[in-house]
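> Build the 3D model from these lines:
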Amino acid sequence: MEKPTLPNSTLILIFGILSIITCCCWGILGLIFGIIALVMAKKAKEIYMAEPDMYSGYNNVKTGRILAIIGIILSAIYLVINIVLIILYGWDGMQEMMMESIQTYEG
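Here you go, the predicted model:
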């Protein structure tokens, strides 16, 4: 008989990956996906530790948790950098810098 997978084990892995991919979206989306993945991983780990022989898919939970931690760290760093830049240059200065970089890359 095949063991059932842990609840949300694949979703935890997907959210962990998304937290790394979206860490450059001002840092907000990466934090959201990472925190959700960590909360879900904690619940899944509790379920698994209660009856480890009953479930499969714990590797997805562990991998998703590690990716979520990395995504949270990267997102937090990026968010702090953006806040510091906004404090130093202001919102208008940030927009001017973005427009200049876009014009530089367009040619």
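> for this protein, what spans make up the helices?
Counting by DSSP state H, the chain has helices at residues 9-21, 28-50, 58-106.
> Tell me which residues touch the residue sitting nearest the centre point of the chain, please.
When C-alpha atoms, centre = their mean is applied to the chain, the residue found nearest the centroid is residue 19 (1.8 Å). By C-beta atoms under 8 Å, 6 or more residues apart in numbering, residue 19 lies in contact with 30, 31, 33, 34, 37, 67, 68, 70, 71, 72, 75. Every C-beta, even on glycine, is put in place using the N, C-alpha and C of the backbone.
> quick one: the second one and residue 77 touch, right?
Pointing back at residue 31 there. No - look at residue 31 against residue 77 with C-beta atoms under 8 Å: they stay out of range, at 10.9 Å.
> the more surrounded of the two?
residue 31 (21 against 13; other C-beta atoms under 10 Å).
> so the worst-scoring helix or strand of the chain on mean pLDDT versus helix 9-21, what angle?
The weakest-scoring helix or strand in the chain, judged by mean pLDDT, DSSP states H and E, is helix 58-106 (a mean of 92). Calculated by axes from the mean of the first three to the mean of the last three C-alpha atoms, to 10 degrees, helix 58-106 forms an angle of 30 degrees with helix 9-21.
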